[in-house]
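Visitor: All I have is the shape, not the residue letters:
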């Protein structure tokens, strides 16, 4: 692979991750959090039930169950609801929001901006949040 192709691939990956982060953050503000007694987010007053495949198959929540509701509640200033829907919703929302300036930075710098320190930070952050999601899920299975 040529250097130009490697740079093009790198930028394509950064654009994809930027679009993903922007989509999540924008949808959090566009969708409305559930009203009292509901578990569905809504768009323009129309409830949108986003089924969890894990819950449909096993009857159990998955590690990410509640994140959509948590993100929408947070985006609408309902902090207590956000925490109630998912304990890790706020830090994960912040992590995703931080991807926006970070991916813009990498698009400007190119692969040179993806230093060893940055790679380690991203790897450790992903591992930390992955383990945290699983640990939180285990606690919720035991009602904690």
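Guide: Received the coordinates, thanks. Please read all numbers here as calculations on a predicted model, not as lab measurements.
Visitor: Touching the helix or strand of the chain with the lowest mean pLDDT from outside, list them.
Guide: None of the helices or strands of the chain scores lower by mean pLDDT, DSSP states H and E than helix 53-58, at a mean of 85. Outside of helix 53-58, the residues within contact range by Cβ atoms under 8 Å, 6 or more residues apart in numbering are 60, 61, 62, 65. From N, CA and C alone the C-beta is placed, and that goes for glycine too.
Visitor: I figured residue 60 hits residue 142, correct?
Guide: No - with contacts counted by Cβ atoms under 8 Å, residue 60 stays clear of residue 142, the gap being 11.8 Å.
Visitor: which one of these two has more residues nearby?
Guide: residue 60 (12 against 6; other Cβ atoms under 10 Å).
Visitor: So what does that one have for phi and psi?
Guide: phi -110, psi 150 (degrees, to the nearest 10).
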